[in-house]
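Trainee: All I have is the shape, not the residue letters:
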């Protein structure tokens, strides 16, 4: 069991055990810099003990601004790993002797590849309203909120259509033609029971 949100979201004890095998412990001294703002991110860190200051350089060029202090079970370093290799957005410095659980970039990327909902959750937290629709659809709580919004707008057929088409691509070739007609009749043709909004030219070609 774990109270770290990143690990708590993993599917099954087997996945947590896999992470444990891939991770390593790193001990740092007080005032030791773990990552520098503006540099490429190298790893994902979880605070096991001690505390870490998160600092960002002032725009005026003065003393760095303290954004937060992270204690046990908090994590950092994920930003540059999930945001298309953006540089680190802050400098992280140990306030006291601390112990960190470290997942190197390749290990972190492999985990996120198997657990797209985790990657999507991290991107949503980091980007807020600027996150992509793909992120929203991959993270179940966000998807549920989006589906509720569409129902309120009487437009939830679009999400249903997306789900149906996503499954369509995995069908055996012998079933593709008949299933395509069913999808077209249900969602695309003029007057269809769950008609979606698409350009008229595309609708006529169906």
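Mentor: Yes, it's here. Since the model is a prediction, treat every value here as computed from it, not as a measurement. Numbers count the residues shown, from 1 in each chain.

Trainee: for residue 171, helix, strand, or coil?
Mentor: For residue 171, the assignment made with DSSP: H, G, I helix; E, B strand; the rest coil gives coil.

Trainee: Go ahead and confirm it touches residue 180.
Mentor: No. Applying Cβ atoms under 8 Å as the test, residue 171 and residue 180 come out as separate, 9.3 Å apart. To be clear about C-beta, it is placed using only N, CA and C from the backbone, and glycine gets the same treatment.

Trainee: Count the neighbours of the closest residue in space to residue 131 that isn't next to it in sequence for me.
Mentor: If the residues on either side of it in the chain are set aside, residue 131 comes closest to residue 124, at 4.8 Å by Cβ to Cβ, 6 or more residues apart in numbering. Other residues near residue 124 number 19, with proximity taken as other Cβ atoms under 10 Å.

Trainee: Who are the packing partners of the helix or strand hosting residue 124?
Mentor: Assigning secondary structure by DSSP states H and E places residue 124 in helix 116-127. On a contact count with 3 or more Cβ pairs under 8 Å, 6 or more residues apart in numbering; DSSP states H and E, helix 116-127 meets helix 5-8, helix 79-82, helix 105-114, helix 133-138, helix 140-152.

Trainee: out of the ones you listed, deepest packed?
Mentor: Counting by mean count of other Cβ atoms under 10 Å, helix 79-82 has the highest mean neighbour count of these, with a mean of 21.

Trainee: Mind listing residues that contact the helix or strand hosting residue 67?
Mentor: Taking DSSP H and E as the criterion, residue 67 maps to strand 65-70. Residues from elsewhere that reach strand 65-70, judged by Cβ atoms under 8 Å, 6 or more residues apart in numbering: 47, 51-58, 76, 90, 92, 95.

Trainee: Recalculate using a threshold of 6 Å.
Mentor: By Cβ atoms under 6 Å, 6 or more residues apart in numbering, the residues outside strand 65-70 that reach it are 47, 51-56, 58.
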